[in-house]
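Q: sequence and computational prediction follow.
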Amino acid sequence: MKNLLALFILVIGSALLGATHDGPTVAGKWHFVLDTPGGDREIDAAFQQDGDQVTGKWGTADVKGTFTENKLALEFALNSEEAGPGTMKIKGTLAADALSGDWAFNEYGGGFKATRVKE
(Lines give C-alpha, C1' and ligand atoms only; values in the text may rest on other atoms or scores of the structure.)
Protein backbone atom coordinates (compact mmCIF):
# COMPACT_ATOMS: atom_id res chain seq x y z
CA MET A 1 0.00 0.00 0.00
CA LYS A 2 2.87 2.38 0.81
CA ASN A 3 4.39 1.72 -2.62
CA LEU A 4 1.09 2.50 -4.32
CA LEU A 5 0.75 5.76 -2.37
CA ALA A 6 4.35 6.73 -3.18
CA LEU A 7 3.75 6.00 -6.89
CA PHE A 8 0.56 8.08 -6.82
CA ILE A 9 2.38 11.03 -5.20
CA LEU A 10 5.23 10.72 -7.73
CA VAL A 11 2.85 10.71 -10.71
CA ILE A 12 0.78 13.66 -9.43
CA GLY A 13 3.90 15.64 -8.49
CA SER A 14 5.45 15.06 -11.92
CA ALA A 15 2.26 16.19 -13.63
CA LEU A 16 2.13 19.38 -11.57
CA LEU A 17 5.80 20.20 -12.21
CA GLY A 18 5.40 19.62 -15.92
CA ALA A 19 2.29 21.77 -16.20
CA THR A 20 2.67 25.11 -17.93
CA HIS A 21 0.85 28.27 -17.02
CA ASP A 22 -0.65 30.09 -19.95
CA GLY A 23 -0.59 33.63 -18.65
CA PRO A 24 -1.08 36.93 -20.44
CA THR A 25 0.82 37.49 -23.66
CA VAL A 26 1.60 40.35 -26.01
CA ALA A 27 1.93 38.02 -28.99
CA GLY A 28 -0.17 39.13 -31.92
CA LYS A 29 -0.98 42.28 -33.86
CA TRP A 30 -1.31 45.67 -32.17
CA HIS A 31 -2.40 49.16 -33.20
CA PHE A 32 -0.42 51.87 -31.34
CA VAL A 33 -1.35 55.53 -30.97
CA LEU A 34 1.58 57.64 -29.76
CA ASP A 35 0.97 61.03 -28.21
CA THR A 36 3.63 63.28 -29.82
CA PRO A 37 4.32 67.04 -29.79
CA GLY A 38 3.15 67.09 -33.44
CA GLY A 39 -0.09 65.22 -32.73
CA ASP A 40 -1.06 61.56 -32.56
CA ARG A 41 1.05 59.11 -34.56
CA GLU A 42 -0.37 55.68 -35.39
CA ILE A 43 1.63 52.56 -36.12
CA ASP A 44 0.90 48.87 -36.38
CA ALA A 45 3.12 46.31 -34.68
CA ALA A 46 3.26 42.51 -34.58
CA PHE A 47 4.91 40.65 -31.72
CA GLN A 48 5.96 37.08 -31.08
CA GLN A 49 6.68 35.90 -27.55
CA ASP A 50 8.91 33.05 -26.34
CA GLY A 51 8.85 32.95 -22.56
CA ASP A 52 9.57 36.52 -21.50
CA GLN A 53 11.39 37.41 -24.75
CA VAL A 54 9.53 39.52 -27.32
CA THR A 55 10.46 39.94 -30.99
CA GLY A 56 8.56 41.19 -33.99
CA LYS A 57 7.98 44.24 -36.16
CA TRP A 58 7.21 47.88 -35.41
CA GLY A 59 6.19 49.02 -38.84
CA THR A 60 9.25 47.76 -40.74
CA ALA A 61 11.70 47.94 -37.79
CA ASP A 62 12.77 44.77 -35.97
CA VAL A 63 11.59 44.73 -32.35
CA LYS A 64 13.36 43.22 -29.37
CA GLY A 65 12.44 43.29 -25.69
CA THR A 66 10.78 41.55 -22.76
CA PHE A 67 7.34 40.95 -21.30
CA THR A 68 7.16 39.95 -17.63
CA GLU A 69 4.46 40.43 -14.99
CA ASN A 70 2.23 42.27 -17.51
CA LYS A 71 5.04 44.79 -18.23
CA LEU A 72 6.33 45.30 -21.77
CA ALA A 73 9.82 46.76 -22.31
CA LEU A 74 11.08 47.23 -25.87
CA GLU A 75 14.26 48.89 -27.13
CA PHE A 76 15.14 48.81 -30.82
CA ALA A 77 16.79 50.76 -33.62
CA LEU A 78 14.43 52.90 -35.66
CA ASN A 79 14.91 55.26 -38.59
CA SER A 80 12.19 57.91 -38.35
CA GLU A 81 11.26 59.83 -41.51
CA GLU A 82 10.87 62.96 -39.38
CA ALA A 83 13.66 62.67 -36.80
CA GLY A 84 16.24 60.38 -38.43
CA PRO A 85 17.88 57.32 -36.85
CA GLY A 86 17.73 56.54 -33.16
CA THR A 87 16.61 54.10 -30.50
CA MET A 88 12.92 53.66 -29.72
CA LYS A 89 12.05 52.68 -26.16
CA ILE A 90 8.58 51.47 -25.20
CA LYS A 91 7.53 50.75 -21.61
CA GLY A 92 3.96 49.74 -21.00
CA THR A 93 1.51 47.68 -19.01
CA LEU A 94 -0.97 45.14 -20.37
CA ALA A 95 -4.56 45.25 -19.08
CA ALA A 96 -7.01 42.95 -20.89
CA ASP A 97 -6.37 43.57 -24.61
CA ALA A 98 -4.87 47.03 -24.19
CA LEU A 99 -1.37 48.36 -23.58
CA SER A 100 -0.56 51.79 -22.23
CA GLY A 101 2.61 53.50 -21.13
CA ASP A 102 5.43 55.72 -22.31
CA TRP A 103 7.66 55.94 -25.37
CA ALA A 104 10.99 57.69 -25.94
CA PHE A 105 12.91 58.31 -29.15
CA ASN A 106 16.08 60.41 -29.05
CA GLU A 107 15.03 63.64 -27.27
CA TYR A 108 11.31 63.05 -27.91
CA GLY A 109 8.84 61.22 -25.71
CA GLY A 110 5.26 60.88 -24.61
CA GLY A 111 2.53 58.43 -23.76
CA PHE A 112 0.88 55.74 -25.85
CA LYS A 113 -2.15 53.50 -25.98
CA ALA A 114 -2.36 50.31 -28.00
CA THR A 115 -5.15 47.89 -28.74
CA ARG A 116 -4.90 44.30 -29.85
CA VAL A 117 -6.05 43.82 -33.43
CA LYS A 118 -8.71 41.11 -33.61
CA GLU A 119 -8.08 38.62 -36.38
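A: Thanks, I have the structure now. The structure displayed is predicted, hence computed values, not measured ones. Numbers count the residues shown, from 1 in each chain.
Q: now P85, what's its secondary structure?
A: Classification of P85 by DSSP: H, G, I helix; E, B strand; the rest coil places it in strand.
Q: average pLDDT for stretch 32-41?
A: What stretch 32-41 shows for mean pLDDT is 94.
Q: then stretch 109-119?
A: Averaged across stretch 109-119, the pLDDT comes to 94.
Q: and the strands in the chain?
A: All strands of the chain, identified by DSSP state E, fall at 28-36, 39-50, 53-58, 61-68, 71-80, 84-95, 98-105, 108-116.
Q: quick check: neighbours of the fourth one in the sheet, parallel or antiparallel?
A: In its sheet, strand 61-68 lies beside strand 53-58 (antiparallel), strand 71-80 (antiparallel), with partners assigned from DSSP bridges.
Q: in that strand, what counts as buried?
A: Within strand 61-68, the residues scored as buried using 16 or more other Cβ atoms under 10 Å are A61, V63, G65, F67. Where you see a C-beta, it was placed from the backbone N, CA and C, and this is true even at glycine.
Q: would you format those as TSV with distance to E81 and pLDDT included?
A: Below are the buried residues of strand 61-68 laid out as TSV (distance: Cβ to Cβ, whole Å; pLDDT from 0 to 100):
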residue	distance to E81	pLDDT
A61	12	95
V63	18	96
G65	23	98
F67	28	98
